[in-house]
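S.K.: have a look at this prediction, sequence included:
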Amino acid sequence: MIELRNISLKYGEKEILKNVSLTIEDNTIKAILGPSGVGKSTILKLMLGLIKPTSGQVFVDGTDISAMKESELYPIRRKMGMVFQGNALFDSMSISQNLGFFLRENLNLPEKEVQERVTEQIQFAGLEGYEEQLPESLSGGMRKRVAIGRALIFRPHMILFDEPTAGLDPVSSKKILTLISSLRHHNNLGAVIVTHIIDDVFNVADCVAVLYQGGIIFDDATSKLHGSDHPFIRSILSDKILEL
Ligand SMILES: Nc1ncnc2c1ncn2[C@@H]1O[C@H](COP(=O)(O)OP(=O)(O)OP(=O)(O)O)[C@@H](O)[C@H]1O
């Protein structure tokens, strides 16, 4: 479980988050929806301990990480898999090498187990036959699937997605959302999806927090979003445009 408690965050004089509280339960897919530049990626960085809040606390499985040193954060980050917006794959490595790289670097596992985990993720992500290809020869949707496999290979408790369907065509987006939905029954894994695309929320998220002008204006089951009378939520439900 991840909890942000009364988080405020400033970049210089600019206040991005104002007293934000938010919980991500295990075994739940939660979306954080908001317009571009509102602070969604900033929330993911706070959850990973990559930046410190100006005030407030971040709890991961009950442990306050907001004042932790970098070395103390390693085991915490191991609990979380991150899927970056641009995937962050290594261009010169094959798909199999990309999947196994951090496992070989960071966990002292026997090579046989590394191979087994790579094969498991190749199958889960539907990448059979592409093991020896370079990322550049794959479609955007397939590269995203490699990035998801690489995050899952550590067997995290929580997986964080930054704009998982950004830049993908509708068919690839749908496949990625189906893959994310299938995580719901995957070893009690929780997921956070940061997005500005409301269809992503309806397709995949059990619950959603809407971030607007530095604060949370909705935090409940996705099915209740239509019942909100907040003007911003009404406007995104009617035109689905978040670029305000
Ligand atoms: N290191 C930084 N220093 C100063 N300002 C920053 C920094 N990182 C982000 N910002 C600003 O903070 C705001 C929130 O950024 P963030 O990337 O979290 O937004 P976002 O909601 O994820 O948007 P997008 O979807 O466009 O990435 C933006 O105005 C951004 O310009």
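M.R.: Perfect, I can see it now.
S.K.: from now on I want contacts and neighbour counts done on CA atoms only, so please keep to that.
M.R.: OK.
S.K.: the one helix or strand F218 maps to - which strands sit beside it in the sheet, and in what orientation?
M.R.: Take DSSP states H and E as the rule and F218 turns out to sit in strand 215-221. Strand 215-221 sits in its sheet next to strand 207-212 (antiparallel), going by DSSP bridges.
S.K.: tell me who's in contact with L17.
M.R.: 7-10, 39, 214-215 (Cα atoms under 8 Å, 6 or more residues apart in numbering).
S.K.: wait, a strand at it?
M.R.: Yes - checked against DSSP: H, G, I helix; E, B strand; the rest coil, L17 lies within a strand.
S.K.: nearest residue to it in space, ignoring adjacent ones along the chain?
M.R.: Among residues not flanking L17 along the chain, G214 sits closest, at 4.3 Å (Cα to Cα, 6 or more residues apart in numbering).
S.K.: test my guess that N27 contacts G190.
M.R.: Yes - applying Cα atoms under 8 Å, one finds N27 in contact with G190, separated by 4.4 Å.
S.K.: who's more crowded, the two?
M.R.: For N27 versus G190, the count of surrounding residues by other Cα atoms under 10 Å is larger for G190: 24 against 19.
S.K.: against the ligand, how distant is the more buried one?
M.R.: Note on G190: its distance to the ligand, by Cα to the nearest ligand atom, to the nearest Å, is 20 Å.
S.K.: that residue and T23 touch, don't they?
M.R.: No - counting by Cα under 8 Å, G190 does not reach T23; the two are 11.1 Å apart.
S.K.: what sits in contact with each of these two?
M.R.: In contact with both G190 and T23: M1, using Cα under 8 Å, 6+ apart.
S.K.: what number of residues are in the vicinity of the residue nearest to L17?
M.R.: 18.
S.K.: list the contacts for it?
M.R.: Contacts of G214 (Cα under 8 Å, 6+ apart): 15-18, 20, 38-39.
S.K.: again, only this time at 7 Å
M.R.: Residues in contact with G214 (Cα atoms under 7 Å, 6 or more residues apart in numbering) are 16-18, 38.
S.K.: what of L50?
M.R.: If you count contacts by Cα under 7 Å, 6+ apart, L50 has none.
S.K.: quick check: the gap between the residue nearest to L17 and P164.
M.R.: 22 Å (Cα to Cα, to the nearest Å).
S.K.: domain ranges for the chain?
M.R.: Per the record, the chain has its domains at 2-79+157-238, 92-155, by the TED database.
S.K.: who in this protein is up against the ligand?
M.R.: The chain has residues 11, 16, 36-42 near the ligand, with proximity defined as Cα under 6 Å from any ligand atom.
S.K.: just the residues you listed: which are in strands?
M.R.: Among the residues of the chain next to the ligand, DSSP state E puts 11, 16 in strands.
S.K.: and the residues of the chain next to the ligand, which are buried?
M.R.: When the residues of the chain next to the ligand are checked for burial by 16 or more other Cα atoms under 10 Å, the buried set is 16, 38-42.
S.K.: one step back: farthest pair in the residues of the chain next to the ligand?
M.R.: Comparing all pairs in the residues of the chain next to the ligand by Cα to Cα, the longest separation belongs to Y11 and S36, at 16.3 Å.
S.K.: give the buried residues for the helix or strand bottoming out on mean pLDDT in the chain.
M.R.: Within the chain, no helix or strand scores below helix 231-239, which has a mean of 89 by mean pLDDT, DSSP states H and E. Buried residues in helix 231-239, counting neighbours by 16+ other Cα under 10 Å, are found at 232-233, 236-237.
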